[in-house]
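[1] Based on what follows, work out the 3D shape:
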Amino acid sequence: MSFASGSDEAEIPFRICFVCAGNICRSPMAEVVMRQLVERAGLTGKVVSTSAGTGDWHVGEQADERTIAALAKRGYDGSHHRARQFESAWYGQLDIVVALDRSQDRILRSWANDARDHGKIHLLRSFDPESGGNVDVPDPYYSDDAMFDAVLGMIERSSTALFRQIEPAIRSSTR
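    Numbering: from 1, shown residues only. The predicted model follows:
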């Protein structure tokens, strides 16, 4: 799979949106992890990482306190997150839309406007070399702190692998 920015303009960043159900657990984790990967690589401003949910139940709320705690334990700051719902109009502004499980993938595909939008949708764990074919990141909402930690581990592995795929194209567009 090859990724290149959807624009020929070098100053327009590569735009990623991570999507889960309510945008308070998994997708905020992925957004924050990707943002830190970008910062560590010295590519701040070249990649924009956002997140959203397919549902509107938590719009405007902070990330779940267990999400914030799991992130903090590993040195991430998720305290500024506010949940929002994905809108199909965003497809034109995004280079890649990353679903956290097959349910969100199906919803996003049903909201896609055309084949180009469909081509932007990917499952996060499809990038995870340790997924063993399991493409879903489980929703930890009804579980315990240990599950939040395990989910964050899956998201870190998958996001790192995704970043390794997009980084060469980002670097070549900044030369």
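[2] Leaving out the residues flanking it, which one is nearest to Gly53?
    Once flanking residues are discounted, Gly53 sits nearest to Asn23: 3.3 Å by CB to CB, 6 or more residues apart in numbering. (Each C-beta comes from the backbone N, C-alpha and C, glycine too.)
[3] The one you found contacts Gln85, correct?
    Yes - the pair Asn23 / Gln85 is scored as a contact, 7.3 Å apart, by CB atoms under 8 Å.
[4] quick one, which of those two is more surrounded?
    The neighbour count for Asn23 versus Gln85, taken as other CB atoms under 10 Å, is higher for Asn23 (29 against 15).
[5] Which strands and helices lie in contact with the lowest-mean-pLDDT helix or strand in the chain?
    For the chain, scoring each helix and strand by mean pLDDT, DSSP states H and E identifies helix 145-173 as the least confident one, at a mean of 95. When contacts are defined as 3 or more CB pairs under 8 Å, 6 or more residues apart in numbering; DSSP states H and E, helix 145-173 packs onto strand 14-20, helix 26-40, helix 65-73.
[6] what does the last one rub up against?
    Meaning helix 65-73. 24-25, 28-29, 32, 62-63, 77-79, 81, 140, 145, 148-149, 151-152 (CB atoms under 8 Å, 6 or more residues apart in numbering).
[7] Quick check: neighbours of whichever helix or strand comes after it in the sheet, parallel or antiparallel?
    For helix 65-73, the succeeding helix or strand toward the C-terminus, using DSSP states H and E, is strand 96-99. Paired neighbours of strand 96-99 in the sheet (DSSP bridges): strand 14-20 (parallel), strand 121-123 (parallel).
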